[in-house]
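How does the following fold in three dimensions:
(one chain, ligands or ions: 1)
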Amino acid sequence: MDSNIGEIYDVAIIGGGLAGMTLACLLGRAAGLKIACIDGQDPQKQIREDARTTAISYGSAKILEEAGIWAALEGKACPIEDIRILDGASPVLLNFLSTEAGGKSFGWIADNADIRRALLARMSALKNIEHIAPQNVKDFVVSPDGGYVNVVAEGQSIKARLVVGADGRNSATREWMGVRTRDWNYRQRAVICTVAHEYPHENAAVEHFWPSGPFAVLPMTDGENGVHRSSVVFTEHGSKRNSLMRLTPQEFEAELNVRFPKEYGTVRMINERMCFPLSLVHAASYIAPRMALVADAAHGIHPIAGQGLNLGFRDVKALADLVCAAARAGGDAGADALLAAYQRQRRFDNMTMVAVTDALVRLFSNNIPPVRFLRRAGLRAVSRLPPAKRFFMRQAMGDR
Ligand SMILES: Cc1cc2nc3c(=O)[nH]c(=O)nc-3n(C[C@H](O)[C@H](O)[C@H](O)COP(=O)(O)OP(=O)(O)OC[C@H]3O[C@@H](n4cnc5c(N)ncnc54)[C@H](O)[C@@H]3O)c2cc1C
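Numbers count the residues shown, from 1 in each chain. Got it, this is the predicted structure:
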């Protein structure tokens, strides 16, 4: 790896996850900017190990297009044309069809591994980005004159005008900045896997609220041999002793077949189950002198509405636009006014989604009869009120 000791980068990004790398690619469009993206893990290992998929909204796809990677994903990501919401044994309570939204897809389901591969390829094509990985950042120090930050990584130090923490929900950058958080543990876990099923999914995303927790089936493009595939997110509460992770593969497959919509036919697992503890974390501030937080480092939310990374994409787009505009005007990428503008642009949107997601978790993880009644009545009401339905469709698309 090249070391650039002595050189001052415009932006150093701590964390080359999906958000950090997207930020690097958006900034990389401004040829005059010098960018470093530092990650503690081996990127190829991350590709092998992250078996998750992400629901990418229509708005996020536009951001990925600007970042120069959407073309690489288009054939691989599966469009969502139909969203079906069910509650317990009730029939479909709420159904959104893309034909009701002007024929535009609600979004796409993409393999995280495909997004990561596309971002890595784009970063290596942009000559003003240095990707430093695997190398953990250990600390940082703001220079005595406040003109830059010295980022101390395992093998070297680098200087930058702006340091961005994109290091995920347990962000060490956030801690080093001295930023407090509002956080709680939902005492829930998401168990995920990819399955093959007998019949096609018709590009439908299904969210089924069972007393044991929400169960989502998300459409994927067919596998190489024409196998119909979907991604599954089981949310479970209660003790780890009763977790789905403790079932044998055969028992887990039987659970899947009980819960899957019957029109999918027989279902079998095609990769290993993974489990993620679910919590909420929101930073009290996204900025400090010459520092900013983006994506999960600023706000980590429950995946019930599939919006976590979509919010992160909106953060990195806002920050990249401000930094590129400053670069065009010959300004400083880490100026206080620029950082204050970033925080102003993003805080309200993120706070709203944190609150909405939290309310959804409470409403849909609750099986007390009056709550269940209100939930079903609410879903039916939305279904019958075209303006309310249009509002929710716009939210799902993230088209702003
Ligand atoms: C089950 C599940 C399903 C989800 N589904 C969706 C969905 O459908 N749609 C959606 O929008 N969102 C979804 N999300 C949320 C989404 O996965 C996250 O919002 C997203 O992964 C956050 O990306 P990030 O780049 O901010 O953080 P991360 O992916 O956590 O990346 C952080 C990176 O920082 C690196 N790092 C950490 N510390 C250091 C350090 N000290 N030095 C150097 N590098 C460091 C790590 O190695 C890592 O690569 C889901 C989440 C879960 C758990």
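
dump the residue contacts of the one residue sitting closest to the centre of the chain.
What sits nearest the mean C-alpha location of the chain, by CA atoms, centre = their mean, is L309, with 1.9 Å. With contact taken as CB atoms under 8 Å, 6 or more residues apart in numbering, L309 is in contact with L18, A19, T54, I56, S60, A295. Using the backbone N, CA and C atoms, a C-beta is placed for each residue, glycine as well.

helix/strand/coil for it?
helix (DSSP: H, G, I helix; E, B strand; the rest coil).

Those residues of the stretch 301-400 of the chain touching the ligand, which are they?
P303, G306, Q307, G308, L309, N310, G312 (CB under 6 Å from any ligand atom).

Could you rerun that using 8 Å?
Residues of the stretch 301-400 of the chain lying near the ligand by CB under 8 Å from any ligand atom: I301, P303, G306, Q307, G308, L309, N310, L311, G312, F313.

In terms of distance to A355, which of those residues ranks first?
Closest approach to A355 among these (CB to CB): I301, at 9.9 Å.

tally of neighbours for the closest one?
25 (other CB atoms under 10 Å).

do you know how far the nearest residue to G312 once chain neighbours are set aside is from K159?
Nearest residue to G312, sequence neighbours excluded (CB to CB, 6 or more residues apart in numbering): A295, at 2.9 Å. Applying CB to CB, to the nearest Å, the value for A295 to K159 is 24 Å.

between the two, who's got more neighbours?
Each of A295 and K159 has its neighbours counted (other CB under 10 Å); A295 has more, 31 against 21.

Do you know the pLDDT at that one?
On the pLDDT scale, A295 is placed at 98.

likewise R394?
65.

Also the one 3 residues further on?
We note a pLDDT of 60 for M397 in this prediction.

One more: G88?
So G88 comes in at 76 (pLDDT).

oh, and call the first residue 54 from now on, that's how I've got it
With the count now opening at 54, the last piece we talked about shows up as G141.

Relative to E153, how far out is A430?
A430 is 22 Å from E153, by CB to CB.

does any part of stretch 117-132 sit near the ligand?
No. Figure legend: stretch 117-132 not in contact with the ligand (CB under 8 Å from any ligand atom); closest approach 11.6 Å.

mind listing what's buried in that stretch?
Using 16 or more other CB atoms under 10 Å as the test for burial, stretch 117-132 gives L117, A120, G121, I122, W123, A125, L126, K129, A130, C131, P132.

can you tell me which of those residues are in strands?
C131, P132 (DSSP state E).

Okay, buried residues for stretch 147-155 please.
Under 16+ other CB under 10 Å, the buried positions of stretch 147-155 are L147, F149, S151, A154.

From one end of that stretch to the other, what's the distance?
Taking CA to CA, to the nearest Å as the measure, stretch 147-155 stretches 18 Å from start to finish.

next one: stretch 380-391
Note: stretch 380-391 ends 11 Å apart using CA to CA.

Check stretch 221-237 too.
Termini of stretch 221-237 sit 16 Å apart (CA to CA).

hmm, who's touching that stretch?
Contacts of stretch 221-237 (CB under 8 Å, 6+ apart): 67-68, 70, 190, 192-193, 216, 218, 220, 332-339, 341, 344, 346, 348-351, 353.

Does the ligand have contacts with that stretch?
Yes. Stretch 221-237 reaches the ligand (CB under 8 Å from any ligand atom) through G221, R222, N223, S224, A225, T226.

Same question for stretch 277-295.
Yes. Judged by CB under 8 Å from any ligand atom, stretch 277-295 and the ligand are in contact via V286.

List the buried residues for that stretch?
Using 16+ other CB under 10 Å as the test for burial, stretch 277-295 gives H281, R282, S283, S284, V285, V286, F287, T288, E289.

Please identify which helix or strand holds the third one.
Here S283, judged by DSSP states H and E, is contained in strand 281-290.

Can I get the buried residues of stretch 117-132 in a markdown table including pLDDT?
What follows is these, written out as a markdown table (pLDDT from 0 to 100):
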| residue | pLDDT |
| --- | --- |
| L117 | 98 |
| A120 | 98 |
| G121 | 98 |
| I122 | 98 |
| W123 | 98 |
| A125 | 98 |
| L126 | 97 |
| K129 | 96 |
| A130 | 98 |
| C131 | 97 |
| P132 | 96 |
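
Which members of the buried residues of stretch 117-132 are positioned in helices?
Among those, the members found in helices (DSSP state H) are L117, W123, A125, L126.

and the residue nearest to F268 when sequence neighbours are not counted, what is it in contact with?
Leaving aside its sequence neighbours, F268 sits nearest to H261 (CB to CB, 6+ apart; 4.7 Å). Contact partners of H261, counting by CB under 8 Å, 6+ apart, are I138, L139, D140, P267, F268, A269, V270, R312, P314.

tally of neighbours for the last one?
Residues contacting P314 under the criterion other CB under 10 Å number 17.

how near is it to the ligand?
P314 sits 19 Å away from the ligand, taking CB to the nearest ligand atom, to the nearest Å as the criterion.

Could you count how many residues lie near whichever residue of the chain sits closest to the ligand?
Here the chain gets closest to the ligand at one residue, G70, 2.2 Å apart by CB to the nearest ligand atom. Using other CB under 10 Å, G70 has 24 neighbouring residues.

looking at it, it is touching G353, isn't it?
No. Counting by CB atoms under 8 Å, G70 does not reach G353; the two are 11.8 Å apart.

before we move on, back to that, what's next to the strand holding S283, contact-wise?
105-106, 162, 239-254, 265-276, 296-297, 309, 317, 323, 331, 356-357, 418.

ok so, going back, mind checking which of the residues of stretch 221-237 next to the ligand are in helices?
Per DSSP H, helices hold the following members of those: A225, T226.

ok, of the residues of stretch 221-237 next to the ligand, which come out buried?
Judged by 16+ other CB under 10 Å, buried ones among the residues of stretch 221-237 next to the ligand: G221, R222, S224, A225, T226.
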